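>>> Attaching a predicted model along with its sequence, questions to come.
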Amino acid sequence: MKRFVDLADFRRDEVLALLDLARSLQAHPQPQALAGKILGLLFFNPSLRTLASFQAAMARLGGSSFVITPGEGSWRLETRLGAVMDADAAEHVREGIPVLASYCDALGIRAFAACKDLNDDLSETVFNAMADLVAKPLINLESAANHPCQALADWKTLDDFAVPQNGKFVLSWAYHPRALPLAVPAAVLHMAAMRGMQVVVLRPDGYALPRTIMDKAARAAAVAGGTLQETSDRAAALAGAHVVYAKEWGATAPYGDAEADAHLRSTLRDWCVRDSWFATTRVDCRLMHCLPVRRNTAIADEVLDGPRSIVQHEAHNRLVVQMAVLHQMLQGV
Amino acid sequence: MKRFVDLADFRRDEVLALLDLARSLQAHPQPQALAGKILGLLFFNPSLRTLASFQAAMARLGGSSFVITPGEGSWRLETRLGAVMDADAAEHVREGIPVLASYCDALGIRAFAACKDLNDDLSETVFNAMADLVAKPLINLESAANHPCQALADWKTLDDFAVPQNGKFVLSWAYHPRALPLAVPAAVLHMAAMRGMQVVVLRPDGYALPRTIMDKAARAAAVAGGTLQETSDRAAALAGAHVVYAKEWGATAPYGDAEADAHLRSTLRDWCVRDSWFATTRVDCRLMHCLPVRRNTAIADEVLDGPRSIVQHEAHNRLVVQMAVLHQMLQGV
Amino acid sequence: MKRFVDLADFRRDEVLALLDLARSLQAHPQPQALAGKILGLLFFNPSLRTLASFQAAMARLGGSSFVITPGEGSWRLETRLGAVMDADAAEHVREGIPVLASYCDALGIRAFAACKDLNDDLSETVFNAMADLVAKPLINLESAANHPCQALADWKTLDDFAVPQNGKFVLSWAYHPRALPLAVPAAVLHMAAMRGMQVVVLRPDGYALPRTIMDKAARAAAVAGGTLQETSDRAAALAGAHVVYAKEWGATAPYGDAEADAHLRSTLRDWCVRDSWFATTRVDCRLMHCLPVRRNTAIADEVLDGPRSIVQHEAHNRLVVQMAVLHQMLQGV
């Protein structure tokens, strides 16, 4: 495997094989599999799980890693082509990224959406420009509109809790004080569709997921025999759900307009997932979230501290599936 | 050993065994003892010795480590129970800490005192709430009112310099531009008492150590056959001392009141340890300090650069005793 | 090798042996050569290549490393002797540096020029004061007026591209929005002279390199049979060049005077290296730069993206030559 940047780059059976490998490494550790291998990690944005779990994953497999954080101990990096660099950025990604790649065996890059121009973000302009500079194996640690490591960890989590392949998966918008990127909702939606689930996107008006994201998930659903719907009707969406996957994202109608977005969300504070949301779901309905989550803003304590929440299991699976990705990418190379 | 959060959790013979192990690892390195083991390090506050020495300790034993610093490359973490998280913190420790613990074999946490409410700090409200979330082995890297790694390193340092078990140990307040936490004075006082020394706390009026801290040390002194006194009489305190341990801490009468504290300490700049302090101590009296220390503010150059100072030896012993803690915690687990 | 702080500390044949070792490690990796060894890295200033390549170099040789960044996760360090520390810095280098050195097998320190007093910077007052505190092997990661790792990597790069030993090497000043230190121009100038090249320093009026720097390079040129000239005549300098090494640095006439420097450089924006600069060079003339470089400010896209640029090769050689330095310093120790 040369790149792990989008789950959609893989066939369904390839993803299943990766999940098998993850389970195998969990049961039978291979503490020397990546001895001598180095992972470079480039973080344009903050991280807790990704930062810790990738370092831990390399260590669990006998390898090592280094971390570069532009603006914190490292130079600010310019990403715009043709820029006349007389402002803050001391270095361009066109130098910085190939150089970092030349020091390691695989490079991971995290670069959140700029949240200004929807098309730029959906077409992964920034991440793709950087990916083009990397000749080594490359991992997407979350880009403008994707987060394949999260999607893969969530797939494994659904398997671990024996959620039926064709179960009802509700991706629900949740309140957040400000607009967040579309990366996780896009990646998780596609994952659930690719898994073959009955997928419903539940979100208030103004927060419909962009057509590109819905179409990609619909194609995956069609291949896997699942379905895909979108609604603002909470009661209808939640009825009979196997899983509620809560996630915050920014308005898409006035995309990138912080003021309009703030106005729109000011009336949406009741989109905090509470126990009452589970009145008509299946009794054993699970609550998922990629983390970090703001308690009592996006999800109430009563849910996060209750038996439905499997958010920590999801987070731990980040480590497990990333070991599989790294193993397949670097072992024997 | 499941937890290393307070030296008082151990019997005296257990501490002595840990010190024996430290000496043994110093004499006979075990470069593969913790092969494959991972230490997670969570720093809510700055660090130099702890940050470097724990990473070095794991490497010296064949293991590895990762570092998470909330607010610098990682999300700010909320610690208050029940908080409605609509401000700066993106994640709650109730998620973040179990997740980090799930990626490693042992977790270390540094969280300084808030220095607002004395009872909160003395009862370790914040650290204990976090500790309750950790199922893995846990190390206290300095909490509101404790610093067991420093205490253990200092005990070994006293042994290394053959300071008599019942020698006179003077914990002296020292000037600092602002109020510092009680963690080190509390931990070191207890350690010297537990070692069986004749302990004197020397501090200006307004800086008496809280009753809880004195009582705990008194109990340890009683068990070990030592004594414990507190005074503001510098001449009496220093006479015949084997060790002067200088440490800065905040006023306890107006605890957490920065203005009152500043007023109180404005007249105390002569509490900078100078050569003249050693006129009536034993000739071979040692100067100790946990570091970092502000030169010519808390301790004069003439003392730090003179033969009495063993502060660097103390700092090096951090590495040595932490190897013993990690070894006992993780080896063969 | 006990110290790697200045290429001038080594005889020419010793440098050649180091380059041979670098090539050997490149061809025949030694993944266990430094097993169990620890490198401490202390960064007073930002870094990308040095930060990543030293960690990678240790990992490639089986060792490990830790990073301390004063002011970012670690205490601010005071460097002035005799300072009364009642301001920002919590710790003095006189404590911090020996302590860090005691945790590792070799220590690397980066401390840029203060760019206030030319003599202070040229005499390496700050770096030398810190170096005096280190009993362990020490590596200069860039000091006020030196950058031996960059110089050694550049020497290897010249060899890799078969640039003749007596080829024409033009060190050209390049535009930057503000004054940068003299470390790289000084180190690279000396390296080219020590290699035996026909060295020309090309720079606008007001940017002449200090006499100390020129004299040192001239002595090296004399030993190696090379030459050294300085000029502001771009046409004459570039004619027949084998290599143009672009580098930004601050005015030396009004050294440390930001306002005067800004005024001086305001008319120098045409010192951005463009394809037109190579009209009279050799056809195969190479473009070198230590990175980070500001595109279209110091060097135009057309040059950096064209076939003359070997800047990424230089950067990769940082890893390669540093493995040689670390190997010679720590292997078998």
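Everything's here; your move.
>>> tell me the pLDDT at A:Met289?
Check again: residue A:289 is His, not Met. For A:His289, the pLDDT comes out at 98.
>>> Mind jotting down where the helices sit in chain A?
With DSSP state H, the ranges of helices along chain A come out as A:12-27, A:49-60, A:93-103, A:118-122, A:125-131, A:148-160, A:183-195, A:211-224, A:234-238, A:258-265, A:301-304, A:311-330.
>>> and the ones you listed as a markdown table, adding distance to chain C?
Any C-beta I mention is one placed from the backbone N, CA and C, and that applies to glycine too. What follows is the helices of chain A, written out as a markdown table (distance: least, C-beta to the nearest C-beta, whole Å):
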| stretch | distance to chain C |
| --- | --- |
| helix A:12-27 | 21 |
| helix A:49-60 | 10 |
| helix A:93-103 | 4 |
| helix A:118-122 | 20 |
| helix A:125-131 | 13 |
| helix A:148-160 | 22 |
| helix A:183-195 | 25 |
| helix A:211-224 | 31 |
| helix A:234-238 | 44 |
| helix A:258-265 | 29 |
| helix A:301-304 | 29 |
| helix A:311-330 | 13 |
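>>> which stretch in the ones you listed has the least confidence?
helix A:258-265 (a mean of 93).
>>> and A:Asp205, what is it in contact with?
Residues in contact with A:Asp205 (C-beta atoms under 8 Å, 6 or more residues apart in numbering or on different chains) are A:Ser232.
>>> What's the local residue count around A:Val188?
25 (other C-beta atoms under 10 Å in any protein chain shown).
>>> now it: how far from A:Arg195?
A:Val188 sits 10 Å away from A:Arg195, going by C-beta to C-beta, to the nearest Å.
>>> And chain A, what are its domain boundaries?
As assigned by automatic domain parsing, chain A contains the domains A:3-147+A:315-330, A:162-309.
>>> near chain B at all, the first one?
Yes - between domain A:3-147+A:315-330 and chain B, judged by C-beta under 8 Å from any C-beta of the partner chain, the touching residues are A:29, A:31, A:43, A:46-49, A:51-53, A:55-56, A:59-60, A:62, A:64, A:67, A:69, A:72, A:315-316, A:319.
>>> show me the contacts for A:His147.
Per C-beta under 8 Å, 6+ apart, neighbours of A:His147: A:140, A:183-184, A:186-188, A:290.
>>> again, 7 Å this time
Listed by C-beta atoms under 7 Å, 6 or more residues apart in numbering or on different chains, the contact partners of A:His147 are A:183-184, A:187.
>>> I figured A:Ala33 was touching A:Leu61, is that so?
Yes - taking C-beta atoms under 7 Å as the definition, A:Ala33 is a contact partner of A:Leu61 at 4.7 Å.
>>> what sits in contact with each of the two?
Counting by C-beta under 7 Å, 6+ apart, the common neighbours of A:Ala33 and A:Leu61 are A:His327.
>>> Which one of these two is surrounded by more residues?
Comparing A:Ala33 with A:Leu61 by other C-beta under 10 Å, the one with more neighbours is A:Leu61, at 25 against 18.
>>> measure the more buried one to C:Lys37 for me?
21 Å.
>>> nearest to B:Arg211, of the helices of chain A?
Of all the helices of chain A, helix A:301-304 sits nearest to B:Arg211, with 35.1 Å by C-beta to C-beta.
>>> who's in contact with the closest residue to A:Lys116 other than its chain neighbours?
Nearest residue to A:Lys116, sequence neighbours excluded (C-beta to C-beta, 6 or more residues apart in numbering or on different chains): A:Gly256, at 4.4 Å. Counting by C-beta under 7 Å, 6+ apart, A:Gly256 makes contact with A:115-118.
>>> Buried only: go through those residues for me.
Neighbour-count burial (16 or more other C-beta atoms under 10 Å in any protein chain shown) applied to the contacts of A:Gly256 gives A:115, A:118.
>>> Neighbour count added to the contacts of A:His147, as a markdown table?
Converted to a markdown table, those look like this (neighbours: other C-beta atoms under 10 Å in any protein chain shown):
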| residue | neighbour count |
| --- | --- |
| A:Ala183 | 28 |
| A:Val184 | 24 |
| A:Ala187 | 28 |
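>>> Chain neighbours aside, what residue packs nearest to A:Lys2?
A:Pro137 (5.6 Å).
>>> pLDDT value on that neighbour, please?
98.
>>> isn't it right next to A:Met329, touching?
Yes - here A:Pro137 reaches A:Met329: they are 4.7 Å apart, a contact under C-beta under 7 Å.
>>> if I look at these two, which residues touch both of them?
Residues touching both A:Pro137 and A:Met329 by C-beta under 7 Å, 6+ apart: A:Ala106.
>>> for the residue nearest to A:Lys2, what are its contacts?
By C-beta under 7 Å, 6+ apart, the contact list for A:Pro137 reads A:2-3, A:106, A:329-330.
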